[in-house]
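A.B. asks: got a predicted model here, sequence first, then my questions.
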Amino acid sequence: MGKTADLTDVQKALIDMLHKEGKPQKAIAKEAGCSQSAVSKHINGKKSGREKCGRKRCTSNRDNRSLENIVKKRPFKNLGEIHKEWTAAGVSASRATTHRRIQDMGYNCRVPCVKPHMTKRQKRLIWAKEKKNRTVAQWSKRAEQTLLQKRVVELSQQIETLHQEKENMEKTLQAEIKQLREQVASLVQSNVKMFEELQVYQNPDHGQQRLLTLMETLQSQHKELLQAQLASLRQEILSQAGVMPPNSHTGALELCANQDHPQAQEEE
């Protein structure tokens, strides 16, 4: 058995017809195929069922009238501005509620239509309509201008390529010059060293000086060795004798050492 909200238009018409005939509600419910309560509610005109379920509306009729006045005064406002003005008046409602109330009043938002872009064919047609009254002289002048523009563009491209080639050549030449300078500097240094060595070998005075310095160093080393040997001999003699020798013996040892020394120099 359906409820009042589930009754179709045919069932409602049948219930109205049978009710006018004076039939009881039970017989009407059987013939209409619904419950007696649905028949009674429909006859009495009471609204029930799904339309009444849910929470109450957050806005009253007075609030809806104030919203309608706002929309009528400024119809070109957007939804955000209308909602802000309505809530500033003391109404507590969301943006979605504002949108629903405006739609219930019969107002709808409108967005300006964006014109589509022109196609190439349309552009060519407009251009042809604009230039259809031109003379032959004007067209020839225009053709000459286009040819000159093309020539200028070609020349500018050639100039750019030449500039690029010039820059590349300059870079390569600078790199080669740098390498040559480094090679010349290395050659100059090697030549200077060779010249200094040749001067050393060719100068006889310098060679003699080196020989003299070597002889002097050898003589000093030989003297030091002889003095060390004499000192060791003295210590051995003193250790064997156990008595300090007289001055004559030390003098004799020094004389012997001085006599042996020139012989060693002559042998060297």
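C.D. replies: On my side now, so go ahead. Here the structure is a predicted model, which is why all the values come from computation and not from measurement. Numbering: from 1, shown residues only.
A.B. asks: any figure for the gap between Arg55 and Arg100?
C.D. replies: 14 Å (C-beta to C-beta, to the nearest Å). Backbone N, C-alpha and C define where each C-beta goes, glycine included.
A.B. asks: and those two? Which one has more around it.
C.D. replies: Arg100 (13 against 5; other C-beta atoms under 10 Å).
A.B. asks: helix, strand or coil for the more buried one?
C.D. replies: Secondary structure, DSSP: H, G, I helix; E, B strand; the rest coil: Arg100 is helix.
A.B. asks: verify the stated contact: Thr59 with Arg100.
C.D. replies: No - assessed by C-beta atoms under 8 Å, Thr59 is found out of contact with Arg100, at 9.8 Å.
A.B. asks: would you map out the domains in this structure?
C.D. replies: 4-44, 61-104 (automatic domain parsing).
A.B. asks: ranking the ones you listed by mean pLDDT, which is last?
C.D. replies: The weakest mean pLDDT among those belongs to domain 4-44, with a mean of 85.
A.B. asks: ok, the residue nearest to Leu79 when sequence neighbours are not counted - how many residues close by?
C.D. replies: Nearest non-adjacent residue to Leu79, counting by C-beta to C-beta, 6 or more residues apart in numbering: His99, 5.9 Å away. Around His99 there are 14 other residues, counting by other C-beta under 10 Å.
A.B. asks: any figure for the gap between His99 and Glu81?
C.D. replies: 13 Å.
A.B. asks: which SSE is the spatially most central residue of the chain in?
C.D. replies: Taking C-alpha atoms, centre = their mean, the centroid of the chain lies closest to Gln164, which sits 30.1 Å from it. Assigned by DSSP states H and E, Gln164 belongs to helix 136-202.
A.B. asks: what's downstream of that helix, the next helix or strand?
C.D. replies: Using DSSP H and E, the helix or strand that follows helix 136-202 towards the C-terminus is helix 204-241.
A.B. asks: and the angle from that next one to helix 136-202?
C.D. replies: Orientation check (axes from the mean of the first three to the mean of the last three C-alpha atoms, to 10 degrees): helix 204-241 against helix 136-202 gives 50 degrees.
A.B. asks: packing partners of helix 204-241?
C.D. replies: Packing partners of helix 204-241 (3 or more C-beta pairs under 8 Å, 6 or more residues apart in numbering; DSSP states H and E): helix 247-267.
A.B. asks: for the helix it packs on, what does the pLDDT average out to?
C.D. replies: Averaged over helix 247-267, pLDDT sits at 46.
A.B. asks: use 462 as the first number for this chain going forward.
C.D. replies: Got it, first residue is 462 now, which makes that one helix 708-728.
A.B. asks: still on that earlier bit, just the pLDDT at the residue nearest to the centre of the chain, thanks.
C.D. replies: You'll see Gln625 listed with a pLDDT of 92.
A.B. asks: roughly how far does Leu691 sit from Ser681?
C.D. replies: 16 Å.
A.B. asks: neighbour count winner among these two?
C.D. replies: The neighbour comparison of Leu691 against Ser681 (other C-beta under 10 Å) goes to Leu691, with 15 against 10.
A.B. asks: how near is the more buried one to His544?
C.D. replies: 125 Å.
A.B. asks: next: Ile476.
C.D. replies: For Ile476 relative to His544 (C-beta to C-beta), the value is 44 Å.
A.B. asks: next one: Tyr568
C.D. replies: Distance, Tyr568 to His544, by C-beta to C-beta: 14 Å.
A.B. asks: before we move on, what about Ser693?
C.D. replies: Distance from Ser693 to His544, counting by C-beta to C-beta: 122 Å.
A.B. asks: neighbour-wise, which of the two wins?
C.D. replies: Per other C-beta under 10 Å, whichever of Ser693 and His544 has more neighbours is His544, with 22 against 10.
A.B. asks: how about the more buried one: what's its closest non-neighbour residue?
C.D. replies: In this structure, His544 finds its nearest non-sequential neighbour in Thr559, 4.3 Å apart by C-beta to C-beta, 6+ apart.
A.B. asks: can you tell me the distance between the two ends of stretch 658-674?
C.D. replies: 20 Å (C-alpha to C-alpha, to the nearest Å).
A.B. asks: oh, that last question was meant for stretch 483-501, not what I typed.
C.D. replies: 13 Å.
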